[in-house]
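>>> Just the structure for this:
(one chain, ligands or ions: 1)
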Amino acid sequence: MDIRHYTVSLNVDPAQQTIDGFTEIDLTLKNASPDLIFDLTNVLAVKNITVNGKAQSFTHENDLIRMKANAPWNAGKMKVKINYGGKPYVAANPPWKGGFQWAKDSLGNAWISVSCQGEGAKVYFPCKDHPSDEPNEGADMFITVPKPLVVAGPGLLQKVKNSGNKSTYHWKTNYTISNYCIVFNAGKYTTVKRDYTSVDGNKIPMVFYVLEYNAAKAPHHLELLERSCRILEKYFGEYPWAKEQIGIAETPHLGMEHQTMNAYGNKFRYAKVGGQDFDWLLHHEFGHEWWANKVSNNDWAHMWIQEGICSYGDALYYREMEGEDSYLRRMRNSTLNFSGKAVVLADTADSDLAYSGDIYGKGAYFMHSLRYLIGDDVFFPTLKKLATDPAYTYHNQISTNDVLDLFNKSTGRDLKPFFDFYLRTTNRFEFVVKQLPRDRYRITLNNFDTLPVEITTNEGVKKLNIDKKGVEVTSTTPPAVDVKGYFYKRVIFE
Ligand SMILES: [Zn+2]
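Residues are numbered from 1 along each chain as shown. Have a look, this model is predicted:
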(Lines give C-alpha, C1' and ligand atoms only; values in the text may rest on other atoms or scores of the structure.)
Protein backbone atom coordinates (compact mmCIF):
# COMPACT_ATOMS: atom_id res chain seq x y z
CA MET A 1 0.00 0.00 0.00
CA ASP A 2 1.33 3.40 -0.95
CA ILE A 3 -0.56 6.32 0.63
CA ARG A 4 -1.03 9.22 -1.81
CA HIS A 5 -3.16 11.70 0.14
CA TYR A 6 -5.18 12.22 3.33
CA THR A 7 -8.22 14.45 3.80
CA VAL A 8 -9.14 14.85 7.46
CA SER A 9 -12.47 16.59 8.04
CA LEU A 10 -13.61 16.96 11.64
CA ASN A 11 -16.08 18.87 13.71
CA VAL A 12 -14.31 19.59 17.00
CA ASP A 13 -16.39 20.26 20.10
CA PRO A 14 -14.34 21.46 23.08
CA ALA A 15 -17.40 21.54 25.38
CA GLN A 16 -18.11 17.82 24.85
CA GLN A 17 -14.44 17.02 24.13
CA THR A 18 -15.49 15.10 21.02
CA ILE A 19 -14.56 14.90 17.35
CA ASP A 20 -16.82 13.81 14.55
CA GLY A 21 -16.33 13.58 10.79
CA PHE A 22 -14.44 11.59 8.19
CA THR A 23 -11.04 10.81 6.75
CA GLU A 24 -10.59 10.13 3.06
CA ILE A 25 -7.51 8.14 2.07
CA ASP A 26 -6.19 8.03 -1.50
CA LEU A 27 -3.80 5.17 -2.02
CA THR A 28 -2.28 2.85 -4.55
CA LEU A 29 -2.40 -0.85 -3.84
CA LYS A 30 0.77 -2.26 -5.34
CA ASN A 31 -0.41 -5.89 -5.28
CA ALA A 32 -3.78 -7.58 -4.99
CA SER A 33 -4.54 -8.19 -1.31
CA PRO A 34 -7.14 -10.18 0.67
CA ASP A 35 -7.41 -7.39 3.28
CA LEU A 36 -7.33 -3.64 3.50
CA ILE A 37 -6.06 -2.53 6.89
CA PHE A 38 -5.79 0.88 8.55
CA ASP A 39 -4.80 2.01 12.02
CA LEU A 40 -7.36 3.78 14.20
CA THR A 41 -7.70 3.68 17.97
CA ASN A 42 -10.74 1.76 19.23
CA VAL A 43 -11.54 4.69 21.50
CA LEU A 44 -13.16 6.20 18.39
CA ALA A 45 -16.15 4.52 16.73
CA VAL A 46 -16.29 3.89 12.98
CA LYS A 47 -19.78 4.55 11.59
CA ASN A 48 -19.38 3.47 8.00
CA ILE A 49 -16.83 3.04 5.25
CA THR A 50 -16.93 3.37 1.48
CA VAL A 51 -14.29 2.11 -0.93
CA ASN A 52 -14.39 3.83 -4.32
CA GLY A 53 -17.87 5.08 -3.39
CA LYS A 54 -19.30 1.68 -2.44
CA ALA A 55 -20.35 0.79 1.11
CA GLN A 56 -17.99 -1.71 2.66
CA SER A 57 -18.26 -4.04 5.67
CA PHE A 58 -15.43 -3.93 8.18
CA THR A 59 -14.20 -4.93 11.62
CA HIS A 60 -12.55 -2.56 14.07
CA GLU A 61 -10.57 -4.38 16.76
CA ASN A 62 -7.23 -3.86 18.49
CA ASP A 63 -6.89 -0.40 16.93
CA LEU A 64 -7.14 -1.88 13.41
CA ILE A 65 -9.82 -1.39 10.77
CA ARG A 66 -9.91 -4.45 8.56
CA MET A 67 -11.89 -4.86 5.32
CA LYS A 68 -12.25 -8.11 3.47
CA ALA A 69 -13.47 -8.26 -0.11
CA ASN A 70 -15.29 -11.26 -1.62
CA ALA A 71 -12.41 -11.57 -4.07
CA PRO A 72 -8.97 -10.02 -3.32
CA TRP A 73 -8.71 -6.25 -3.59
CA ASN A 74 -7.27 -5.45 -6.99
CA ALA A 75 -3.99 -3.62 -7.35
CA GLY A 76 -4.39 0.01 -8.39
CA LYS A 77 -5.76 3.31 -7.18
CA MET A 78 -8.31 3.44 -4.40
CA LYS A 79 -10.30 5.99 -2.43
CA VAL A 80 -11.37 4.97 1.06
CA LYS A 81 -13.70 7.16 3.09
CA ILE A 82 -14.13 6.40 6.77
CA ASN A 83 -16.81 8.15 8.87
CA TYR A 84 -16.06 8.07 12.56
CA GLY A 85 -16.14 10.00 15.80
CA GLY A 86 -16.13 9.97 19.58
CA LYS A 87 -14.00 11.14 22.48
CA PRO A 88 -10.35 10.95 21.45
CA TYR A 89 -7.56 10.11 23.93
CA VAL A 90 -6.74 12.94 26.27
CA ALA A 91 -2.97 13.51 26.27
CA ALA A 92 -1.47 12.32 29.58
CA ASN A 93 1.69 14.41 29.34
CA PRO A 94 1.86 16.24 26.02
CA PRO A 95 3.83 16.27 23.84
CA TRP A 96 5.64 13.17 25.21
CA LYS A 97 2.45 11.26 26.02
CA GLY A 98 0.22 12.73 23.38
CA GLY A 99 -3.35 12.83 22.22
CA PHE A 100 -5.86 15.68 22.53
CA GLN A 101 -5.30 18.50 24.96
CA TRP A 102 -8.47 20.40 25.88
CA ALA A 103 -6.79 23.31 27.61
CA LYS A 104 -7.86 26.85 28.44
CA ASP A 105 -5.78 29.97 27.96
CA SER A 106 -5.31 32.30 30.93
CA LEU A 107 -8.51 34.18 30.02
CA GLY A 108 -10.52 30.95 30.08
CA ASN A 109 -10.88 30.51 26.30
CA ALA A 110 -10.73 27.02 24.83
CA TRP A 111 -7.23 26.13 23.62
CA ILE A 112 -7.04 22.82 21.78
CA SER A 113 -3.87 21.00 20.80
CA VAL A 114 -3.07 17.66 19.21
CA SER A 115 0.30 15.95 19.60
CA CYS A 116 0.94 12.32 18.66
CA GLN A 117 4.56 11.79 17.65
CA GLY A 118 4.88 8.73 19.88
CA GLU A 119 1.32 7.43 19.74
CA GLY A 120 0.86 7.96 16.02
CA ALA A 121 -1.90 9.73 14.13
CA LYS A 122 -4.19 6.73 14.68
CA VAL A 123 -5.18 8.46 17.93
CA TYR A 124 -7.39 10.70 15.85
CA PHE A 125 -7.56 9.73 12.19
CA PRO A 126 -7.46 6.41 10.32
CA CYS A 127 -4.14 6.01 8.53
CA LYS A 128 -1.26 3.73 7.71
CA ASP A 129 0.65 4.50 10.84
CA HIS A 130 4.26 3.86 9.93
CA PRO A 131 7.03 6.40 9.20
CA SER A 132 7.97 4.61 5.97
CA ASP A 133 4.87 5.86 4.12
CA GLU A 134 4.08 9.56 3.90
CA PRO A 135 1.27 10.81 1.64
CA ASN A 136 3.15 11.83 -1.52
CA GLU A 137 0.57 14.42 -2.53
CA GLY A 138 0.11 15.92 0.90
CA ALA A 139 -2.97 16.43 3.00
CA ASP A 140 -6.09 18.56 3.39
CA MET A 141 -7.64 19.38 6.74
CA PHE A 142 -11.13 20.79 7.27
CA ILE A 143 -11.46 21.60 10.96
CA THR A 144 -14.69 23.04 12.32
CA VAL A 145 -14.58 24.81 15.69
CA PRO A 146 -16.90 27.10 17.66
CA LYS A 147 -16.38 30.82 17.10
CA PRO A 148 -14.22 32.74 17.89
CA LEU A 149 -11.57 30.00 17.86
CA VAL A 150 -8.99 30.11 15.08
CA VAL A 151 -7.41 26.93 13.66
CA ALA A 152 -3.72 26.66 12.72
CA GLY A 153 -2.83 23.71 10.50
CA PRO A 154 -0.26 22.44 8.01
CA GLY A 155 0.57 24.08 4.67
CA LEU A 156 -1.45 27.13 3.68
CA LEU A 157 -4.83 28.36 4.84
CA GLN A 158 -7.19 28.05 1.85
CA LYS A 159 -10.45 29.29 3.20
CA VAL A 160 -12.49 30.03 6.31
CA LYS A 161 -16.19 29.26 6.05
CA ASN A 162 -18.48 30.70 8.70
CA SER A 163 -21.77 29.02 9.42
CA GLY A 164 -23.86 30.01 12.44
CA ASN A 165 -21.69 29.95 15.53
CA LYS A 166 -19.02 27.80 13.89
CA SER A 167 -16.10 28.27 11.51
CA THR A 168 -14.47 25.71 9.24
CA TYR A 169 -10.78 26.19 8.45
CA HIS A 170 -9.40 24.53 5.34
CA TRP A 171 -5.67 23.93 5.50
CA LYS A 172 -3.76 22.26 2.69
CA THR A 173 -0.22 21.10 2.11
CA ASN A 174 1.02 19.83 -1.23
CA TYR A 175 4.20 18.48 0.31
CA THR A 176 4.76 14.99 1.58
CA ILE A 177 4.23 15.05 5.36
CA SER A 178 4.60 12.72 8.36
CA ASN A 179 1.36 11.50 9.91
CA TYR A 180 2.16 13.10 13.25
CA CYS A 181 2.46 16.50 11.54
CA ILE A 182 -1.07 16.27 10.11
CA VAL A 183 -2.45 17.97 13.21
CA PHE A 184 -4.08 21.23 14.16
CA ASN A 185 -4.14 23.66 17.06
CA ALA A 186 -7.05 25.94 17.86
CA GLY A 187 -7.26 28.90 20.19
CA LYS A 188 -8.21 32.54 20.42
CA TYR A 189 -5.33 33.35 18.10
CA THR A 190 -4.35 36.38 16.16
CA THR A 191 -1.73 36.25 13.39
CA VAL A 192 1.49 38.23 13.35
CA LYS A 193 3.47 38.15 10.10
CA ARG A 194 6.90 38.94 8.76
CA ASP A 195 8.40 38.51 5.30
CA TYR A 196 11.36 36.22 4.87
CA THR A 197 13.67 35.93 1.87
CA SER A 198 15.32 32.52 1.77
CA VAL A 199 18.97 31.77 1.04
CA ASP A 200 17.85 30.88 -2.51
CA GLY A 201 16.01 34.18 -2.88
CA ASN A 202 12.45 32.90 -2.46
CA LYS A 203 9.95 35.04 -0.59
CA ILE A 204 8.33 33.00 2.18
CA PRO A 205 5.67 34.31 4.55
CA MET A 206 6.47 33.90 8.23
CA VAL A 207 3.30 33.59 10.31
CA PHE A 208 2.79 33.26 14.04
CA TYR A 209 -0.58 32.05 15.36
CA VAL A 210 -0.27 33.60 18.80
CA LEU A 211 -2.83 33.97 21.60
CA GLU A 212 -4.28 37.45 21.31
CA TYR A 213 -2.95 38.58 24.67
CA ASN A 214 0.61 37.59 23.69
CA ALA A 215 0.54 39.37 20.33
CA ALA A 216 2.87 42.14 21.52
CA LYS A 217 5.62 39.55 22.06
CA ALA A 218 5.26 38.07 18.58
CA PRO A 219 7.28 40.50 16.41
CA HIS A 220 10.44 40.03 18.51
CA HIS A 221 9.82 36.28 18.58
CA LEU A 222 9.71 36.22 14.78
CA GLU A 223 13.05 38.05 14.70
CA LEU A 224 14.50 35.16 16.72
CA LEU A 225 12.94 32.68 14.33
CA GLU A 226 14.40 34.52 11.36
CA ARG A 227 17.89 34.38 12.91
CA SER A 228 17.50 30.63 13.50
CA CYS A 229 16.32 30.16 9.93
CA ARG A 230 19.33 32.03 8.47
CA ILE A 231 21.76 29.87 10.44
CA LEU A 232 20.01 26.60 9.62
CA GLU A 233 19.85 27.54 5.93
CA LYS A 234 23.58 28.22 5.94
CA TYR A 235 24.35 24.67 7.03
CA PHE A 236 21.41 22.67 5.68
CA GLY A 237 20.16 24.57 2.64
CA GLU A 238 16.96 26.46 1.95
CA TYR A 239 13.95 26.22 4.27
CA PRO A 240 12.33 23.00 3.01
CA TRP A 241 8.75 24.27 2.48
CA ALA A 242 9.46 27.46 0.56
CA LYS A 243 6.25 27.21 -1.50
CA GLU A 244 4.13 27.29 1.64
CA GLN A 245 5.09 29.09 4.84
CA ILE A 246 7.19 29.31 7.95
CA GLY A 247 4.51 28.92 10.59
CA ILE A 248 4.42 28.61 14.35
CA ALA A 249 1.44 28.18 16.63
CA GLU A 250 1.39 28.87 20.35
CA THR A 251 0.48 25.68 22.20
CA PRO A 252 -0.38 24.66 25.77
CA HIS A 253 2.36 21.98 25.63
CA LEU A 254 6.11 22.61 25.26
CA GLY A 255 6.41 22.10 21.51
CA MET A 256 6.64 19.77 18.54
CA GLU A 257 8.11 19.88 15.04
CA HIS A 258 4.84 20.11 13.12
CA GLN A 259 5.74 20.74 9.50
CA THR A 260 5.15 24.37 8.37
CA MET A 261 3.34 25.05 11.68
CA ASN A 262 5.74 24.32 14.54
CA ALA A 263 4.13 23.98 17.93
CA TYR A 264 5.63 26.50 20.35
CA GLY A 265 4.94 26.44 24.09
CA ASN A 266 8.10 27.69 25.79
CA LYS A 267 6.32 30.84 27.04
CA PHE A 268 8.79 33.30 25.49
CA ARG A 269 11.57 32.35 27.90
CA TYR A 270 14.87 33.44 26.40
CA ALA A 271 18.53 32.86 27.20
CA LYS A 272 21.33 35.07 25.87
CA VAL A 273 23.55 33.57 23.19
CA GLY A 274 26.07 35.85 21.51
CA GLY A 275 24.39 38.80 23.26
CA GLN A 276 21.03 38.07 21.60
CA ASP A 277 17.82 36.52 22.93
CA PHE A 278 17.69 32.80 22.16
CA ASP A 279 14.79 30.38 22.61
CA TRP A 280 16.24 26.85 22.58
CA LEU A 281 12.83 25.25 22.06
CA LEU A 282 11.92 27.47 19.12
CA HIS A 283 15.29 26.81 17.48
CA HIS A 284 15.26 23.05 18.11
CA GLU A 285 11.73 22.42 16.85
CA PHE A 286 12.39 24.63 13.85
CA GLY A 287 15.56 22.64 13.07
CA HIS A 288 13.25 19.66 12.65
CA GLU A 289 11.87 21.24 9.48
CA TRP A 290 15.10 19.88 7.96
CA TRP A 291 15.79 16.90 10.27
CA ALA A 292 12.53 14.97 10.70
CA ASN A 293 10.21 16.69 8.26
CA LYS A 294 12.41 16.95 5.17
CA VAL A 295 14.95 14.26 6.03
CA SER A 296 12.92 11.51 7.70
CA ASN A 297 14.02 8.14 9.00
CA ASN A 298 12.28 5.14 7.51
CA ASP A 299 12.04 3.33 10.82
CA TRP A 300 11.94 4.40 14.46
CA ALA A 301 15.22 2.55 14.98
CA HIS A 302 16.99 5.36 13.09
CA MET A 303 15.39 8.23 15.00
CA TRP A 304 18.84 9.67 15.81
CA ILE A 305 18.95 11.02 12.23
CA GLN A 306 16.05 13.29 13.18
CA GLU A 307 16.83 14.08 16.81
CA GLY A 308 20.62 13.77 16.84
CA ILE A 309 21.34 15.85 13.74
CA CYS A 310 18.68 18.36 14.76
CA SER A 311 20.40 18.66 18.14
CA TYR A 312 23.69 19.11 16.30
CA GLY A 313 22.01 22.06 14.57
CA ASP A 314 21.40 23.51 18.05
CA ALA A 315 25.16 23.40 18.68
CA LEU A 316 25.85 25.02 15.30
CA TYR A 317 23.72 27.97 16.40
CA TYR A 318 26.22 28.52 19.25
CA ARG A 319 29.09 28.18 16.78
CA GLU A 320 27.60 30.91 14.59
CA MET A 321 26.68 33.27 17.39
CA GLU A 322 29.61 32.79 19.79
CA GLY A 323 32.34 30.98 17.89
CA GLU A 324 34.11 27.64 17.87
CA ASP A 325 35.06 27.62 21.58
CA SER A 326 31.45 28.01 22.65
CA TYR A 327 30.43 25.19 20.32
CA LEU A 328 33.22 22.96 21.67
CA ARG A 329 32.28 23.67 25.27
CA ARG A 330 28.70 22.75 24.51
CA MET A 331 29.71 19.47 22.88
CA ARG A 332 32.05 18.56 25.78
CA ASN A 333 29.36 19.27 28.37
CA SER A 334 26.83 17.19 26.46
CA THR A 335 28.72 13.96 27.22
CA LEU A 336 27.73 14.33 30.88
CA ASN A 337 24.13 13.70 29.89
CA PHE A 338 24.57 10.59 27.75
CA SER A 339 22.04 8.01 28.81
CA GLY A 340 24.29 4.97 28.66
CA LYS A 341 22.26 3.30 25.91
CA ALA A 342 23.18 2.73 22.29
CA VAL A 343 21.92 5.23 19.71
CA VAL A 344 20.56 2.68 17.23
CA LEU A 345 18.99 0.01 19.40
CA ALA A 346 17.62 -2.45 16.83
CA ASP A 347 16.35 -2.14 13.31
CA THR A 348 12.91 -3.32 14.34
CA ALA A 349 12.57 -1.16 17.43
CA ASP A 350 9.13 0.33 18.02
CA SER A 351 8.69 4.03 18.64
CA ASP A 352 8.90 3.91 22.44
CA LEU A 353 11.99 1.70 22.32
CA ALA A 354 13.72 3.96 19.81
CA TYR A 355 13.19 6.94 22.09
CA SER A 356 14.91 5.13 24.93
CA GLY A 357 18.12 5.13 22.84
CA ASP A 358 20.70 7.90 23.24
CA ILE A 359 19.41 9.62 20.12
CA TYR A 360 19.74 13.30 21.13
CA GLY A 361 23.02 14.13 22.83
CA LYS A 362 25.06 11.22 21.60
CA GLY A 363 23.58 11.44 18.11
CA ALA A 364 24.73 15.07 18.00
CA TYR A 365 28.10 14.23 19.50
CA PHE A 366 28.61 11.60 16.83
CA MET A 367 28.21 14.31 14.17
CA HIS A 368 30.73 16.42 16.08
CA SER A 369 33.29 13.56 16.14
CA LEU A 370 32.68 12.76 12.51
CA ARG A 371 33.30 16.40 11.61
CA TYR A 372 36.70 16.29 13.30
CA LEU A 373 37.57 12.89 11.81
CA ILE A 374 36.91 13.83 8.17
CA GLY A 375 37.50 17.58 8.32
CA ASP A 376 35.27 20.59 7.66
CA ASP A 377 35.92 20.67 3.91
CA VAL A 378 34.22 17.29 3.50
CA PHE A 379 31.93 17.20 6.50
CA PHE A 380 29.86 20.34 6.00
CA PRO A 381 29.20 19.89 2.25
CA THR A 382 28.28 16.23 2.86
CA LEU A 383 25.90 17.16 5.67
CA LYS A 384 24.29 19.73 3.37
CA LYS A 385 24.02 17.11 0.64
CA LEU A 386 22.20 14.82 3.07
CA ALA A 387 19.73 17.64 3.70
CA THR A 388 19.25 18.65 0.06
CA ASP A 389 19.80 15.69 -2.29
CA PRO A 390 16.45 14.27 -3.52
CA ALA A 391 17.73 10.75 -2.78
CA TYR A 392 17.63 11.48 0.96
CA THR A 393 14.80 13.97 1.30
CA TYR A 394 11.02 14.46 1.12
CA HIS A 395 9.39 11.15 0.15
CA ASN A 396 12.70 9.23 0.23
CA GLN A 397 13.01 8.24 3.88
CA ILE A 398 16.39 7.01 5.02
CA SER A 399 18.19 4.76 7.49
CA THR A 400 21.56 4.88 9.24
CA ASN A 401 23.08 2.94 6.33
CA ASP A 402 22.10 5.68 3.87
CA VAL A 403 23.97 8.22 6.00
CA LEU A 404 26.96 5.88 6.18
CA ASP A 405 26.97 5.28 2.41
CA LEU A 406 26.90 9.00 1.68
CA PHE A 407 29.80 9.78 4.01
CA ASN A 408 31.73 6.77 2.69
CA LYS A 409 31.29 8.06 -0.84
CA SER A 410 32.32 11.61 -0.08
CA THR A 411 35.40 10.57 1.92
CA GLY A 412 36.40 7.48 -0.09
CA ARG A 413 36.79 5.68 3.23
CA ASP A 414 35.00 2.90 5.06
CA LEU A 415 33.51 4.68 8.05
CA LYS A 416 31.39 1.72 9.16
CA PRO A 417 33.57 0.84 12.19
CA PHE A 418 33.38 4.47 13.33
CA PHE A 419 29.60 4.63 12.81
CA ASP A 420 29.10 1.31 14.59
CA PHE A 421 31.33 2.27 17.52
CA TYR A 422 29.33 5.44 18.20
CA LEU A 423 25.86 4.38 17.21
CA ARG A 424 25.63 0.70 18.09
CA THR A 425 27.77 0.46 21.25
CA THR A 426 28.06 2.48 24.45
CA ASN A 427 31.86 2.23 24.45
CA ARG A 428 34.26 5.12 24.88
CA PHE A 429 37.56 5.20 23.05
CA GLU A 430 40.11 4.03 25.57
CA PHE A 431 43.49 5.78 25.49
CA VAL A 432 46.36 4.67 27.71
CA VAL A 433 49.23 7.05 28.48
CA LYS A 434 52.19 5.09 29.85
CA GLN A 435 55.17 6.89 31.32
CA LEU A 436 58.58 5.70 30.08
CA PRO A 437 62.08 6.76 31.22
CA ARG A 438 63.53 10.17 30.30
CA ASP A 439 60.36 12.23 29.75
CA ARG A 440 59.04 9.71 27.21
CA TYR A 441 55.39 8.59 27.07
CA ARG A 442 53.66 5.94 25.00
CA ILE A 443 50.06 6.62 24.02
CA THR A 444 47.92 3.74 22.78
CA LEU A 445 44.30 3.33 21.70
CA ASN A 446 43.00 0.06 23.13
CA ASN A 447 39.68 -0.55 21.45
CA PHE A 448 39.72 0.96 17.95
CA ASP A 449 41.93 0.68 14.91
CA THR A 450 43.39 4.15 14.61
CA LEU A 451 42.30 7.75 15.20
CA PRO A 452 43.90 11.12 14.51
CA VAL A 453 44.18 12.71 17.96
CA GLU A 454 45.40 16.06 19.26
CA ILE A 455 48.12 15.44 21.84
CA THR A 456 49.24 18.32 24.04
CA THR A 457 52.84 18.23 25.33
CA ASN A 458 55.00 20.97 26.85
CA GLU A 459 55.85 21.90 23.28
CA GLY A 460 52.29 22.46 22.15
CA VAL A 461 49.58 20.55 20.28
CA LYS A 462 50.32 17.90 17.66
CA LYS A 463 47.88 15.76 15.68
CA LEU A 464 49.07 12.13 15.81
CA ASN A 465 47.56 8.90 14.54
CA ILE A 466 47.10 6.78 17.63
CA ASP A 467 46.55 3.02 17.32
CA LYS A 468 46.93 -0.18 19.32
CA LYS A 469 50.70 -0.27 18.86
CA GLY A 470 50.96 3.22 20.26
CA VAL A 471 52.96 6.36 19.59
CA GLU A 472 55.83 7.72 21.66
CA VAL A 473 56.09 11.38 22.57
CA THR A 474 58.58 13.38 24.63
CA SER A 475 57.25 15.89 27.12
CA THR A 476 58.33 17.42 30.41
CA THR A 477 54.66 17.45 31.43
CA PRO A 478 52.26 14.47 31.19
CA PRO A 479 50.75 14.62 27.68
CA ALA A 480 47.05 15.42 27.45
CA VAL A 481 44.84 13.56 24.98
CA ASP A 482 42.14 15.29 22.92
CA VAL A 483 41.76 18.28 25.23
CA LYS A 484 39.11 19.93 23.07
CA GLY A 485 36.90 16.86 23.30
CA TYR A 486 36.41 15.70 19.75
CA PHE A 487 36.04 12.07 20.85
CA TYR A 488 33.92 10.29 23.43
CA LYS A 489 36.73 8.73 25.42
CA ARG A 490 38.43 7.64 28.61
CA VAL A 491 42.13 8.37 29.25
CA ILE A 492 44.05 6.07 31.59
CA PHE A 493 47.47 7.13 32.96
CA GLU A 494 49.83 4.31 33.87
ZN1 LIG B 1 13.56 17.15 18.77
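>>> make it CA atoms for all contacts and neighbour counts henceforth
Will do.
>>> can you list the residues that contact stretch 84-92?
17-22, 43-48, 97-102, 115, 123-124 (Cα atoms under 8 Å, 6 or more residues apart in numbering).
>>> Ok, stretch 319-333 next?
Ile231, Val273, Gly274, Ala315, Leu316, Tyr318, Tyr365, His368, Lys484, Gly485, Tyr486.
>>> Kindly give a single PyMOL line that selects the buried subset of those residues.
With 16 or more other Cα atoms under 10 Å as the criterion, this PyMOL line picks the buried residues out of the contacts of stretch 319-333:
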select buried, resi 231+273+315+316+318+365+368+485+486
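>>> mind giving me a markdown table with the contacts of stretch 319-333 and columns for pLDDT, secondary structure and distance to Leu445?
Output for the contacts of stretch 319-333, formatted as a markdown table (pLDDT from 0 to 100; DSSP: H, G, I helix; E, B strand; the rest coil; distance: Cα to Cα, whole Å):
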| residue | pLDDT | secondary structure | distance to Leu445 |
| --- | --- | --- | --- |
| Ile231 | 98 | helix | 37 |
| Val273 | 97 | strand | 37 |
| Gly274 | 97 | coil | 37 |
| Ala315 | 97 | helix | 28 |
| Leu316 | 98 | helix | 29 |
| Tyr318 | 98 | helix | 31 |
| Tyr365 | 98 | helix | 20 |
| His368 | 98 | helix | 20 |
| Lys484 | 98 | coil | 17 |
| Gly485 | 98 | coil | 16 |
| Tyr486 | 98 | coil | 15 |
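>>> Enumerate the beta-bridge partners assigned to Asn465.
Pro452 (DSSP bridges).
>>> Which strands and helices lie in contact with the helix or strand harbouring Glu223?
According to DSSP states H and E, Glu223 maps onto helix 218-236. Packing partners of helix 218-236 (3 or more Cα pairs under 8 Å, 6 or more residues apart in numbering; DSSP states H and E): strand 189-197, strand 203-211, helix 280-287, helix 304-322, helix 376-388.
>>> in whichever helix or strand comes after the fourth one, what's buried?
Scanning forward in sequence from helix 304-322 by DSSP H and E, the next helix or strand is helix 324-334. Buried residues in helix 324-334, counting neighbours by 16+ other Cα under 10 Å, are found at Ser326, Tyr327, Leu328, Arg330, Met331, Arg332.
>>> Quick check: the gap between the third one and Arg319.
For Leu328, the distance to Arg319 (Cα to Cα, to the nearest Å) stands at 8 Å.
>>> The fifth one now?
From Met331 across to Arg319, the span is 11 Å (Cα to Cα).
>>> do the fourth one as well
Here the criterion is Cα to Cα. By it, Arg330 lies 9 Å from Arg319.
>>> next one: the first one
Computed as Cα to Cα, the Ser326 to Arg319 distance reads 6 Å.
>>> re earlier: what's in contact with the helix holding Glu223?
Residues contacting helix 218-236 (Cα under 8 Å, 6+ apart): 192-194, 196, 198-199, 206, 208, 210, 239, 268, 277-279, 282-283, 286-287, 290, 313, 316-317, 320, 380, 383-385, 387-388.
>>> again, but for stretch 33-48
55-57, 60-69, 71-75, 82-89, 122-129.
>>> Counting neighbours, what do you get for Arg440?
Number of residues near Arg440 (other Cα atoms under 10 Å) recorded here: 16.
>>> Find me the pLDDT at the closest residue to it other than its chain neighbours, would you?
Leaving aside its chain neighbours, Arg440 sits nearest to Thr474 (4.5 Å; criterion: Cα to Cα, 6 or more residues apart in numbering). According to the prediction, Thr474 has pLDDT 96.
>>> Name all residues that make contact with Thr474.
Asp439, Arg440, Tyr441, Thr457.
>>> Can you select the buried ones among those residues for me in PyMOL?
To isolate the buried ones among the contacts of Thr474 in PyMOL, judged by 16+ other Cα under 10 Å, type:
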select buried, resi 440+441+457
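>>> Tabulate the contacts of Thr474 (CSV), appending distance to Val145.
Output for these, formatted as CSV (distance: Cα to Cα, whole Å):
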residue, distance to Val145
Asp439, 77
Arg440, 76
Tyr441, 73
Thr457, 68
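>>> nearest to Ala215, of the contacts of Thr474?
Closest approach between the contacts of Thr474 and Ala215, by Cα to Cα: Thr457, at 56.6 Å.
>>> bridging residues for that closest one?
Assigned bridge partners for Thr457, using DSSP bridges, are Gly460.
>>> so how far is Phe431 from the nearest residue to Met303 once chain neighbours are set aside?
Sequence neighbours aside, Asn297 is the residue nearest to Met303 in space, at 6.2 Å (criterion: Cα to Cα, 6+ apart). When distance is defined by Cα to Cα, Asn297 is 34 Å away from Phe431.
>>> just Gly323 next, same as before
For Gly323 relative to Phe431 (Cα to Cα), the value is 29 Å.
>>> Output the below-cut-off pLDDT ranges for the protein.
Applying pLDDT under 70 to the chain picks out residues 346-354.
>>> Phi first, then psi, for the most centrally placed residue in it.
The centre of the chain sits closest to Ala292, judged by Cα atoms, centre = their mean, with a distance of 3.3 Å. Per-residue torsions, Ala292: phi 140, psi -60 (degrees, to the nearest 10).
>>> list the contacts for it?
By Cα under 8 Å, 6+ apart, the neighbours of Ala292 are Glu257, Ile305, Gln306, Glu307.
>>> Neighbour count and distance to Val461 for these - can I get that in JSON lines?
Listed next are these as JSON lines, based on neighbours: other Cα atoms under 10 Å; distance: Cα to Cα, whole Å:
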{"residue": "Glu257", "neighbour count": "25", "distance to Val461": "42"}
{"residue": "Ile305", "neighbour count": "26", "distance to Val461": "33"}
{"residue": "Gln306", "neighbour count": "24", "distance to Val461": "35"}
{"residue": "Glu307", "neighbour count": "25", "distance to Val461": "34"}
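>>> From these, pick the one nearest Thr425.
Ile305 (16.5 Å).
>>> so the closest one touches Thr400, yeah?
Yes: applying Cα atoms under 8 Å, one finds Ile305 in contact with Thr400, separated by 7.3 Å.
>>> Confirm that Val403 sits in a helix.
Yes: under DSSP: H, G, I helix; E, B strand; the rest coil, Val403 sits within a helix.
>>> Can you give me the distance of it to Lys172?
31 Å.
>>> same deal with Ile466?
Taking Cα to Cα, one finds Ile466 at 55 Å from Lys172.
>>> Check Pro88 too.
From Pro88 over to Lys172 (counting by Cα to Cα), the distance is 23 Å.
>>> same check, this time on Asp2
The value you get for Asp2 to Lys172, if Cα to Cα is used, is 20 Å.
>>> quick one on the thing from earlier: ok, the buried residues of helix 324-334 vs Thr28, which is closest?
For the buried residues of helix 324-334, the closest approach to Thr28 (Cα to Cα) belongs to Met331, at 45.3 Å.
>>> residue farthest from the centroid of this structure?
Arg438 (54.1 Å).
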